[in-house]
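K.L.:
need a 3D model of the following:
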Amino acid sequence: MMNITIAVIALFGVFAGAHTKGGASPSNAGLRQLRCDAAVSALPLGALGDTYYSSAPTRPFSIDLSPDTLKSGWQGQAPRASTLSSFEMSRGESALTCENVRKVAAAHGALASETGANAQLRSIGIGKRTAYVHRMSLPALDELGTEAIAEVVSSSNQLGGGVYLVLLHKAGGRWNVVGRKAIVLS
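P.N.:
Okay, the predicted model is just below:
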C-alpha cells in the first residue's frame, strides 16, 4: 500500500511540474512564482496606449496540439517533450492572475476586460493607428523547473491576429525567450 501511495505522489508531482533540479519540491506558492516570473519574460510588449492586456483565459483550440505536431516549426529552440506534456495539461489560466505580470502589463499598456479591450479596438477602427489585445496563459513548467511554454493570443483592429507559443529557459536566475512557434495567423 505504501509503494502505491508513493508512486501516486511521485506521478502527481511530475505532472504538476512540482520537481526541480536535484529532486527538491518547492511549495505550491514557489511553483506559482516560477510560472509568474516566466510569464513576465514572455509578455508581449507594445507601444504605450496601443496595447491592451485581457485577463480572459486563452481559449482551447480545435486543432491538434500533440507533442508530435509541436516538435517542428519552431523559430529558435524547440521544447522538450516533458514541457509540451505539461503545457497540454495546464493551458488556459491567464498570466494576469500574477501580480508581477499585471504590473509589467500596466506599465506597457492598459489592463482591460475582454469586452472592454475589444470595444477599444472597434472604437479606434481600421486604417487608423494599430492597437492590440493580448491574452497570455500562465506558462507551464517542465519537470526541472527550467523550461516553460506560454500561449499568447493576440488580435488587432487591423483585422489581424494570431496565436503563438513562447518557449523560455531559465539560466542564471533569469527567464529568457529561446523559441517561438506560430499556431494560427490571420
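
K.L.:
tell me the pLDDT of residue 112.
P.N.:
pLDDT, residue 112: 90.

K.L.:
what about the spatially closest residue to residue 98 that is not a sequence neighbour, neighbour count?
P.N.:
Leaving aside its chain neighbours, residue 98 sits nearest to residue 36 (3.5 Å; criterion: C-beta to C-beta, 6 or more residues apart in numbering). Any C-beta I mention is one placed from the backbone N, CA and C, and that applies to glycine too. Neighbour count for residue 36, taken as other C-beta atoms under 10 Å: 18.

K.L.:
residue 36 against residue 104, yeah?
P.N.:
No - Residue 36 is beyond contact range of residue 104, at 10.4 Å (criterion: C-beta atoms under 8 Å).

K.L.:
how about the secondary structure of the residue nearest to residue 98?
P.N.:
Recorded secondary structure, residue 36: helix (DSSP: H, G, I helix; E, B strand; the rest coil).

K.L.:
against residue 111, how distant is it?
P.N.:
16 Å (C-beta to C-beta, to the nearest Å).

K.L.:
per-residue pLDDT, residue 11?
P.N.:
We have a pLDDT of 30 for residue 11.

K.L.:
so residue 78: helix, strand or coil?
P.N.:
coil.

K.L.:
could I get the contacting residues of the residue nearest to residue 98?
P.N.:
Residue 36 sits next to 95, 98, 99, 100, 101, 138 when contact means C-beta atoms under 8 Å, 6 or more residues apart in numbering.

K.L.:
looking at those residues, which are in strands?
P.N.:
Judged by DSSP state E, the contacts of residue 36 include no members of strands.

K.L.:
highest neighbour count among those?
P.N.:
Highest count within the contacts of residue 36 by other C-beta under 10 Å belongs to residue 95, 30 neighbours.

K.L.:
just say helix, strand or coil for residue 121.
P.N.:
Taking three-state DSSP, the label given to residue 121 is helix.

K.L.:
swap in residue 52?
P.N.:
Per three-state DSSP, residue 52 ends up strand.

K.L.:
which phi and psi does the residue nearest to it when sequence neighbours are not counted have?
P.N.:
Counting by C-beta to C-beta, 6+ apart, residue 117 is the residue found nearest to residue 52 once chain neighbours are left out, at 4.0 Å. Main-chain dihedrals, residue 117, degrees, to the nearest 10: phi -70, psi -40.

K.L.:
count of residues packed around residue 117?
P.N.:
Using other C-beta under 10 Å: residue 117 sits among 24 other residues.
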